[in-house]
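**Q** okay, here's the prediction I keep looking at, along with the sequence it came from:
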Amino acid sequence: MDKKLYITTAIPYANGAPHIGHALDYLLADIWTRYQKQNDHDVRFQVGTDEHGNKIATKAIELGTDPQSYVDKTYVNFETLIKKIGASYTDFIRTTDPHHINSVKIIWQKLQPYIYKGNYEGWYCAGCEAFVTDKEATASGGICADHQQHYQKISEENYYFKASAFTDDIKQAISNGDMQIVPEFRKKEFLELIKDGLQDVSISRPKKSLSWGVPVPDDPEQVMYVWLDALANYITVLGYPDNPEWQLYWPADIQVVGKDILRFHAGLWPAMLLGLGLPLPKKILAHGFINVGGIKQSKSLGNGVDPIQIIDEYGVDAFRYFFSRHIPTLDDGDFTWETFENAYNTELANDLGNAVQRVTGMITRYQSGVIGEIPQGEHDMGTYHKSMENLEFDKAVDEVWLMVRSLNQYIEHVKPWEIAKQIGKDAEAESHLTEVLAYAVGALLQIGDLLVPFLPDTADRIHRTFETGRIVPLEGVFFPKIYKHTTDPHTTKD
RNA sequence: CGCGGGGUGGAGCAGUCUGGUUAGCUCGGAUGGCUCAUAACCAUCAGGUCGUAGGUUCAAAUCCUACCCCCGCAACCA
């Protein structure tokens, strides 16, 4: 058996609507997973939801229910999105799973040598029953917008995790690449951030101010705060510590996170792992944010884009296509309905869809659907694989489209329809035509192979159409034109 | 001097580390060709002071200096 691989995604807070940022996590992880599986690796792929905390408890009370019943409903929103994207995950963890809760307690105990009691001081809103960051307090002028009251500076006793103890080890692991941070500039950014050392982190709250969470072992007055509970999911989902199977998968090969939470995954989380005596993840992939028309998505602006809507209107492969190719894997990207639809119509419909269509059309028309001997596609895939290894998925897809274009050029160049006219006049025309069309099919099949990680449905359709040596007609065309957010140029010209 | 990223034809980007053929690609625009195909495809053309000002060099988008502008971050925000 080949080495077992493991990839993780961040677990979103179950209170809230899934948005495009979450979708990106799942998509990137899924592309990598499918790519590795295509190369015969065993891949475990985790997704999940973070289900503890005050916001959930408060919301549940508001709705006249209890927190557990509430999250039992809301986590489904994420599960729906994940499935809709076609993410081939193997594990869905919820932080309210009994096994997770038990494991977190054990983890707490194992980390005992690095846990101490201290005072947490910060701006607190009695209405929210929660602390806000200094930044937030300053931005709002010291007044909570929801409750129209001043934040109070209060301090309370809770437990701290001595992350600072691991500063040097973590710095070293990052610098020497044992724990690789991708992209490189994020690595620099993070090393700069921790140059004066990691800060110790508050990992619990008094029970009176945080009711919904994992109880701290041996201290009924304290409940675990988010970090330890949530981050631990990456190993508890594998069965840590009681099911030894976790050792087959840990350390993770890649942990996919958004750039905003890189610091927790590159600092606190590795510190926890070192405290447990566990190896660090091999690679952390920090992707960027998706703006809309150059503007940050926000609830107050109401300019958020719903991934479900995109998938429902254009299909899952169209979604996967745009977000893998037109959103840079390692940097911020931009979405507008216009650019999305344009990419769909020109690249998926005109370039790829039409190429498949014209090849199947000619084979059906000239050769009654018989393809004959299909040669291996001969395009050099070095750049593609290199881009995949570097986690630059956008560049890998670019490479595939180079092939699509050159196939269209090839067809234009050899003009199969001209050759067809020579049949009966020229003795070699028939075999020449067969050869040309089979070559085109070979190219399409190679394109299909390369699209497996990105557009699984499309790849599958291409294979089914051609692989038997005889055209298998499929219902409908590949990527029919869609004009929902832009105008059809052919209806406005009159 | 807080840290990081960036400013290249209408839009989005590559090229900068390792200076050197006519600054490359996609979309958009114009013209032409073709007709197998989803009024698709193919070809050609138009369009750029490579943020600004200096400097180094036979030669700079690419190296050096100064400055301007934009974006993100500035730690418990799940």
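**A** Noted; the coordinates are in hand.

**Q** who does the helix or strand where A:Phe319 lies touch, helix- and strand-wise?
**A** Following DSSP states H and E, the helix or strand that holds A:Phe319 is helix A:316-325. Helices and strands touching helix A:316-325, as assessed by 3 or more CB pairs under 8 Å, 6 or more residues apart in numbering; DSSP states H and E, comprise helix A:20-38, helix A:307-314, helix A:337-343, helix A:393-414, helix A:456-466. Placement of C-beta: from N, CA and C, glycine included.

**Q** give the buried residues for the helix or strand that the third one is followed by.
**A** Scanning forward in sequence from helix A:337-343, with DSSP H and E defining helices and strands, the next element found is helix A:354-367. The neighbour-count criterion (16 or more other CB atoms under 10 Å) identifies A:354-356, A:358-360, A:362-363, A:366-367 as the buried residues of helix A:354-367.

**Q** what residues are up against whatever residue of chain A ends up closest to RNA strand B?
**A** With CB to the nearest atom of the strand as the measure, the residue in chain A that lies nearest RNA strand B is A:Gly353; the distance is 1.5 Å. By CB atoms under 8 Å, 6 or more residues apart in numbering, A:Gly353 lies in contact with A:477-480.

**Q** how about 10 Å then?
**A** For A:Gly353, the contacting residues are A:344-345, A:347, A:404, A:458, A:477-481, by CB atoms under 10 Å, 6 or more residues apart in numbering.

**Q** narrow those to just the buried residues.
**A** Among those, those buried by neighbour count (16+ other CB under 10 Å) are A:344-345, A:347, A:404, A:458, A:478-479.

**Q** from the residues you listed, pick the one nearest A:Thr96.
**A** Each of the buried ones among the contacts of A:Gly353 was scored against A:Thr96 by CB to CB, and A:Thr458 proved nearest at 37.3 Å.

**Q** now that closest one, nearest residue through space, not along the chain?
**A** Nearest-residue entry for A:Thr458: A:Asp317, 4.9 Å, with adjacent residues in sequence omitted and distances by CB to CB, 6 or more residues apart in numbering.

**Q** close enough to count as contact, that neighbour and A:Val452?
**A** No: contact status for A:Asp317 versus A:Val452: not in contact, 11.5 Å apart, counting by CB atoms under 10 Å.

**Q** okay, and the common contacts of these two?
**A** A:458-460.

**Q** now do the same for A:Ile284: helix, strand or coil?
**A** For A:Ile284, the reduced secondary structure class is strand; criterion used: DSSP: H, G, I helix; E, B strand; the rest coil.

**Q** that one pairs with what?
**A** Legend: beta-bridge partners of A:Ile284 under DSSP bridges are A:Ile181, A:Gln255.

**Q** could I get the pLDDT score of it?
**A** Note on A:Ile284: pLDDT of 93.

**Q** what's around it, how many residues?
**A** For A:Ile284, the neighbour count with other CB atoms under 10 Å is 25.

**Q** who touches it in this structure?
**A** Contacts of A:Ile284 were listed using CB under 10 Å, 6+ apart, and they are A:8, A:174, A:179-182, A:186-187, A:190, A:252, A:254-257, A:262, A:265-266, A:269-270.

**Q** let's see it at 8 Å
**A** With contact set as CB under 8 Å, 6+ apart, A:Ile284 has these partners: A:179-182, A:254-255, A:257, A:262, A:265-266.

**Q** could you measure from it over to A:Ala266?
**A** Plainly put, A:Ile284 is 6 Å away from A:Ala266 if you go by CB to CB, to the nearest Å.

**Q** are there residues contacting both of those two? Which ones?
**A** By CB under 8 Å, 6+ apart, the residues touching both A:Ile284 and A:Ala266 are A:179, A:181.

**Q** picking up where we left off before, A:Asp317 and A:Val452: which is more packed in?
**A** Of the pair A:Asp317 and A:Val452, A:Asp317 is the one with more neighbours under other CB under 10 Å, namely 23 against 18.

**Q** wait, the more buried one sits on A:Asp457?
**A** Yes: taking contacts as CB atoms under 8 Å, A:Asp317 lies within contact range of A:Asp457: 5.1 Å.

**Q** how about low-confidence regions in the stretch 251-400 of chain A?
**A** Within the stretch 251-400 of chain A, the ranges that satisfy pLDDT under 70 run A:298-303.

**Q** spell out which residues of it are next to RNA strand B.
**A** A:257, A:259-261, A:263-264, A:267, A:296, A:332, A:334, A:342, A:346-347, A:349-354, A:356-358, A:361-362, A:365 (CB under 7 Å from any atom of the strand).

**Q** 6 Å instead?
**A** If contacts are counted using CB under 6 Å from any atom of the strand, the residues of the stretch 251-400 of chain A sitting beside RNA strand B are A:261, A:263, A:267, A:296, A:342, A:346, A:349-351, A:353-354, A:357-358, A:361-362.

**Q** wasn't A:Phe131 part of a strand?
**A** Yes: according to three-state DSSP, the state of A:Phe131 is that of a strand.

**Q** list the contacts for it?
**A** With contacts defined as CB under 8 Å, 6+ apart, the neighbours of A:Phe131 are A:120, A:122-125.

**Q** how long is stretch A:319-334 end to end?
**A** End-to-end distance for stretch A:319-334, by CA to CA, to the nearest Å: 14 Å.

**Q** quick one, helices of the stretch 201-350 of chain A?
**A** Along the stretch 201-350 of chain A, the segments classed as helices by DSSP state H, counting those that start in this stretch run A:226-231, A:233-236, A:246-249, A:262-263, A:269-276, A:307-314, A:316-325, A:337-343.

**Q** just checking, what packs against the second one?
**A** Packing partners of helix A:233-236 (3+ CB pairs under 8 Å, 6+ apart): strand A:42-49, helix A:98-110.

**Q** turn the ones you listed into JSON lines, including distance to RNA strand B and mean neighbour count.
**A** Written out in JSON lines, the entries for the helices and strands packed on helix A:233-236 read as follows (distance: least, CB to the nearest atom of the strand, whole Å; neighbours: other CB atoms under 10 Å):
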{"stretch": "strand A:42-49", "distance to RNA strand B": "9", "mean neighbour count": "23"}
{"stretch": "helix A:98-110", "distance to RNA strand B": "13", "mean neighbour count": "18"}
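
**Q** can you list the ones you listed in CSV and add mean pLDDT?
**A** Putting the helices and strands packed on helix A:233-236 into CSV (pLDDT from 0 to 100) gives the following:
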stretch, mean pLDDT
strand A:42-49, 96
helix A:98-110, 96
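
**Q** these into a markdown table, with extra columns for distance to A:Val397?
**A** As requested, those are arranged in a markdown table below (distance: least, CB to CB, whole Å):
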| stretch | distance to A:Val397 |
| --- | --- |
| strand A:42-49 | 20 |
| helix A:98-110 | 36 |
